[in-house]
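Undergrad: sequence-free structure coming up:
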């Protein structure tokens, strides 16, 4: 297992947490929000059918089952990082249903990234855990979701990946079925609303049933310690920022590189926002050396930006009439402070 490290970048993992029932079964629904979900089955778009059937399934799950909702492809076109937790594990059913009904399909199908992020969300789950993928197609981001599912279940965690293929071709069925097989779960096919209802009813039986105990041989060697892999590093040892960075609303009179430091004097909150251009996936650590003058309202910080309703910031801010600084932290998911 590798531990990824980012130096001088602006990306952090957003891991939501709700009020979960200890040792109760956990189910994370992963819904396909790609543009193809607007295609119709009969006289209804597939996304509308999925919302209706999944809402009914959510309401029928036992109240002690911990549930969460992840969606991919619903925010931006052509973005393979468009994966988001719309409702953290342990959210109440009304919150999940509301998040579900706000989904509007737009983009791609990053199944590999979704499986990896789902496993990350469930890594500290007590008791059995299930990922339930509802998709109308296969991977479109050049990943290998079968290998991702295999890697997840090889960790020894009590985790299963069930897949519902909704109105899919034989070629798409092959990949989705492979995900379920490698994820030690089951595959269910659904060509219309009635079959989707039946499929999710069968999924419900699987996710609330007790899983067989996971046995670990006593002679197994201890897992290797994580190794570090640097994904991105910048020491600013040149005269310009270079292609790895983008500056929004550049004010060149207030931004310069000097002695290995990026110096910024911000005139307002919208100028000189410095963004790293390289996207990253999975779990990683960010290390940034940062300083700011100790004056009222002076601040410096790090921003992980998905869109205006999903972001994470932390940094330092000077406060009134003293030479002190205090840390600041903001987390927003679906437009709500969390």
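TA: Structure's in. What do you need? Source: prediction; values computed, not measured.
Undergrad: Tell me which helix or strand residue 127 sits in.
TA: Assigned by DSSP states H and E, residue 127 belongs to neither a helix nor a strand.
Undergrad: Is there a neighbour count for it? I'd like the number.
TA: 15 (other Cβ atoms under 10 Å). Using the backbone N, CA and C atoms, a C-beta is placed for each residue, glycine as well.
Undergrad: is it true that it touches residue 158?
TA: Yes - here residue 127 reaches residue 158: they are 7.2 Å apart, a contact under Cβ atoms under 8 Å.
Undergrad: Name the SS class of the residue most central in space within the chain, please.
TA: The residue lying closest to the centre of the chain (Cα atoms, centre = their mean) is residue 84, at 4.4 Å. At residue 84 the chain is in strand, as set by DSSP: H, G, I helix; E, B strand; the rest coil.
Undergrad: What residues does it make contact with?
TA: 14, 70, 71, 72, 74, 75, 306, 310 (Cβ atoms under 8 Å, 6 or more residues apart in numbering).
Undergrad: 10 Å instead?
TA: Under the criterion of Cβ atoms under 10 Å, 6 or more residues apart in numbering, the neighbours of residue 84 are 14, 16, 33, 69-75, 99, 114, 117, 306-307, 309-310, 333-334.
Undergrad: and it, what are its bridge partners?
TA: Note on residue 84: beta-bridge partners by DSSP bridges are residue 71.
Undergrad: Could you check what's spatially nearest to residue 299, not counting adjacent residues?
TA: residue 317 (4.0 Å; Cβ to Cβ, 6 or more residues apart in numbering).
Undergrad: What ranges does the stretch 151-300 of the chain have for its helices?
TA: 170-182, 193-208 (DSSP state H, counting those that start in this stretch).
Undergrad: Give the buried residues for the first one.
TA: The reference is to helix 170-182. 172, 175, 176, 177, 178, 179, 180, 181, 182 (16 or more other Cβ atoms under 10 Å).
Undergrad: Pick the one among those residues closest to residue 134.
TA: Comparing the buried residues of helix 170-182 against residue 134 with Cβ to Cβ places residue 176 closest, at 10.2 Å.
Undergrad: contacting residues around the closest one?
TA: 111, 133, 135-139, 145-146, 163-166, 168, 187-189.
Undergrad: Check the gap between it and residue 72 for me.
TA: From residue 176 over to residue 72 the distance is 14 Å, taken as Cβ to Cβ, to the nearest Å.
Undergrad: ditto for residue 167
TA: 17 Å.
Undergrad: more neighbours, the two?
TA: residue 72 (28 against 20).
Undergrad: quick one: the more buried one from residue 275, how far?
TA: Counting by Cβ to Cβ, the gap from residue 72 to residue 275 is 22 Å.
Undergrad: cool, residue 125 as well?
TA: In terms of Cβ to Cβ, residue 125 sits 34 Å off from residue 275.
Undergrad: More neighbours: which of the two?
TA: Neighbour count, other Cβ under 10 Å: between residue 125 and residue 275, residue 125 has more, with 21 against 13.
Undergrad: Okay, strands next: where are they in the stretch 51-200 of the chain?
TA: 66-72, 83-87, 129-135, 159-166, 187-190 (DSSP state E, counting those that start in this stretch).
Undergrad: Kindly reformat those strands as JSON lines and extend each row with distance to residue 242 and mean pLDDT.
TA: Listed next are those as JSON lines, based on distance: least, Cβ to Cβ, whole Å; pLDDT from 0 to 100:
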{"stretch": "strand 66-72", "distance to residue 242": "31", "mean pLDDT": "94"}
{"stretch": "strand 83-87", "distance to residue 242": "28", "mean pLDDT": "93"}
{"stretch": "strand 129-135", "distance to residue 242": "39", "mean pLDDT": "93"}
{"stretch": "strand 159-166", "distance to residue 242": "40", "mean pLDDT": "93"}
{"stretch": "strand 187-190", "distance to residue 242": "46", "mean pLDDT": "94"}
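Undergrad: JSON lines please, covering those and showing distance to residue 264.
TA: What follows is these, written out as JSON lines (distance: least, Cβ to Cβ, whole Å):
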{"stretch": "strand 66-72", "distance to residue 264": "34"}
{"stretch": "strand 83-87", "distance to residue 264": "29"}
{"stretch": "strand 129-135", "distance to residue 264": "42"}
{"stretch": "strand 159-166", "distance to residue 264": "44"}
{"stretch": "strand 187-190", "distance to residue 264": "52"}
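Undergrad: Relative to residue 263, which of those is closest?
TA: So among these, strand 83-87 is nearest, using Cβ to Cβ, at 34.0 Å.
Undergrad: and the angle from that closest one to strand 66-72?
TA: Compare the direction of strand 83-87 with that of strand 66-72 by axes from the mean of the first three to the mean of the last three Cα atoms, to 10 degrees and you get 150 degrees.
Undergrad: Off-centre distance for strand 83-87?
TA: Distance of strand 83-87 from its chain centroid, counting by Cα atoms, centre = their mean, to the nearest Å, is 6 Å.
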